[in-house]
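**Student:** Predicted model and sequence below, questions to follow.
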Amino acid sequence: MRIGPYDLPNNVFVAPMAGVTDRPFRQLCKRLGAGHAVSEMAASNPQLWHSVKTARRLDHDGESEPVAVQIAGSDPAMMAEAAVFNIGKGARIIDINMGCPAKKVCNVLAGSALLRDEDLVARILDAVVTACTPHGVPVTLKTRTGWNRANRNVLRVARRAQDIGIAALALHGRTREDLYTGTAEYETIAMVKAELDIPIIANGDIRSPEDARHVLEVTGADAVMIGRAAQGRPWLFREIDTYLRTGSHHAPPSPTEIRDLLLEHLDDHYRFYGEFTGVRTARKHIGWYLGALAGGPAFCARMNLIENTREQWQAVADWFDHAIEQAPDRLLAA
Ligand SMILES: Cc1cc2nc3c(=O)[nH]c(=O)nc-3n(C[C@H](O)[C@H](O)[C@H](O)COP(=O)(O)O)c2cc1C
């Protein structure tokens, strides 16, 4: 799998998820088998570049190459400026978000709302590609199948994107109006793949190695991208990668490995966010890891009351140690 000049280790990618795929999580996913990870969305508005939140999203220190940064916005010149700004901060691939249905994004005609205006889409893509090309930085696009089911216009958008020089296209098999309801459809992704030459990345509702193989088979896509199913399950990438390569299943993580991975994730998370934000934002990750384990949800309700990182880390370690000592098999049987 190749994006521009970059040969990626495999074709199993992490989907960008604001508030989830921060640098610690991306790194963990890459270490556990993800071939590529795109950062959370960075605003194209320069007034926001110096907010703590954006500054954190721009921090790629120690991240394995190639660093890919997603930008969103509706003003072509501002998007081009944002791309160059991010290249200066270490981005080696720029990803444009036209796939996010969030109100905050759509009200200002960014994210998937842009699909309603194909000429504006073309102007944005052209401005960003023109700005990135002198830096040797490829531009990718992430989008949905259309504005609504009556207007599945992604094929037209994709053709224009390819002509403009977009290096790869990630496609979520829902329209903007679908939000996250129903199930993703893969026929449109298959149609786009059949018509285009650039790599196509299929996204939506992939939860297991079998799902990934099915989606690759029915769409003919070059890669899969996984979002929600990876929350609290970063080892999903090695499971999918192993299955796609060998047809055999990678052993699931043992309770001890889950414990060690979560504690390591927490250490990195606290270093990245600091004490105040770290303890709060870690809660959702802990909830995801423990949600599928016996007794996990009850523990999380108590853990959410803890207000400092040291105590939170210790509570998680103690909970696992106790559960593993009692009956490790029962832990996984939730
Ligand atoms: C919490 C959350 C945040 C997301 N943030 C972004 C984002 O910043 N940019 C983007 O392009 N898509 C974003 N998405 C969409 C995902 O990248 C992905 O397209 C979608 O979740 C479908 O894939 P899945 O079924 O594997 O989760 C987000 C999704 C979730 C659940």
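**Tutor:** Yep, it's here.
**Student:** Spatially, what comes nearest to Arg228 if we skip its sequence neighbours?
**Tutor:** Met17 (7.6 Å; Cβ to Cβ, 6 or more residues apart in numbering). Every C-beta, even on glycine, is put in place using the N, C-alpha and C of the backbone.
**Student:** all strands of the stretch 101-250 of the chain, in order?
**Tutor:** 139-144, 168-172, 200-203, 223-226 (DSSP state E, counting those that start in this stretch).
**Student:** how near is the closest residue to Leu48 other than its chain neighbours to the ligand?
**Tutor:** Distances taken as Cβ to Cβ, 6+ apart place Thr54 nearest to Leu48, at 5.3 Å, with adjacent residues excluded. As judged by Cβ to the nearest ligand atom, to the nearest Å, Thr54 and the ligand stand 13 Å apart.
**Student:** need the next SSE after the helix or strand containing Thr54, C-terminal direction.
**Tutor:** Here Thr54, judged by DSSP states H and E, is contained in helix 52-57. Sequence order places strand 68-72 as the next helix or strand after helix 52-57, per DSSP H and E.
**Student:** where in the stretch 1-150 of the chain is pLDDT low?
**Tutor:** For the stretch 1-150 of the chain, the stretches with pLDDT under 70 are 43, 99-112.
**Student:** show me where the chain has helices.
**Tutor:** With DSSP state H as the criterion, the chain has helices at 23-31, 52-57, 76-88, 103-106, 118-132, 154-164, 187-195, 209-219, 236-246, 255-291, 296-303, 309-326, 328-332.
**Student:** contacting residues around the closest residue to Ser64 other than its chain neighbours?
**Tutor:** In this structure, Ser64 finds its nearest non-sequential neighbour in Lys30, 5.5 Å apart by Cβ to Cβ, 6+ apart. For Lys30, the contact set (Cβ atoms under 8 Å, 6 or more residues apart in numbering) comprises 14, 37, 64.
**Student:** now, which of these sits nearest the ligand?
**Tutor:** Of all the contacts of Lys30, the ligand sits closest to Val14, with 8.7 Å by Cβ to the nearest ligand atom.
**Student:** Let me have the strands of the stretch 101-250 of the chain in CSV, extended by distance to the ligand and mean neighbour count.
**Tutor:** Shown next, in CSV, are the strands of the stretch 101-250 of the chain (distance: least, Cβ to the nearest ligand atom, whole Å; neighbours: other Cβ atoms under 10 Å):
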stretch, distance to the ligand, mean neighbour count
strand 139-144, 5, 26
strand 168-172, 4, 26
strand 200-203, 5, 26
strand 223-226, 5, 25
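**Student:** Can you report how many residues neighbour the residue of the stretch 101-250 of the chain found nearest the ligand?
**Tutor:** When scored by Cβ to the nearest ligand atom, the stretch 101-250 of the chain has Gly227 as its residue closest to the ligand, at 2.8 Å. Residues lying near Gly227 (other Cβ atoms under 10 Å) number 19.
**Student:** who are the neighbours in contact with the residue nearest to it when sequence neighbours are not counted?
**Tutor:** Spatially, and ignoring its direct neighbours in sequence, Gly227 is nearest to Ala15 (3.4 Å; Cβ to Cβ, 6+ apart). By Cβ under 8 Å, 6+ apart, Ala15 lies in contact with 21, 38, 170, 203, 225-227, 230.
**Student:** how does it look with 7 Å?
**Tutor:** Ala15 is in contact with 203, 225-227, counting by Cβ atoms under 7 Å, 6 or more residues apart in numbering.
**Student:** Relative to Val128, how far out is it?
**Tutor:** Between Ala15 and Val128 the computed distance is 20 Å (Cβ to Cβ, to the nearest Å).
**Student:** who in the stretch 101-250 of the chain is up against the ligand?
**Tutor:** Taking Cβ under 6 Å from any ligand atom as the criterion, the stretch 101-250 of the chain approaches the ligand at residues 142, 172, 203-206, 226-229.
**Student:** was I right about Arg207 contacting Ala230?
**Tutor:** No: using Cβ atoms under 7 Å, Arg207 is not in contact with Ala230, being 9.3 Å away.
**Student:** Settle it for me: which of the two has more neighbours?
**Tutor:** Counted by other Cβ under 10 Å, Arg207 and Ala230 do not tie: Ala230 has more neighbours, with 28 against 14.
**Student:** What's the end-to-end length of stretch 222-238?
**Tutor:** 17 Å (Cα to Cα, to the nearest Å).
**Student:** Give me the distance from it to the chain's centre.
**Tutor:** Offset of stretch 222-238 from its chain centre (Cα atoms, centre = their mean, to the nearest Å): 9 Å.
**Student:** Make 54 the starting number, not 1.
**Tutor:** Renumbered: residue one is now 54, and that last one reads stretch 275-291.
**Student:** mean confidence score for it?
**Tutor:** The average of the pLDDT scores along stretch 275-291 is 98.
**Student:** thinking again about what came up before, just want to check the distance between the residue nearest to Ser117 and Ala136.
**Tutor:** Lys83 is 23 Å from Ala136, by Cβ to Cβ.
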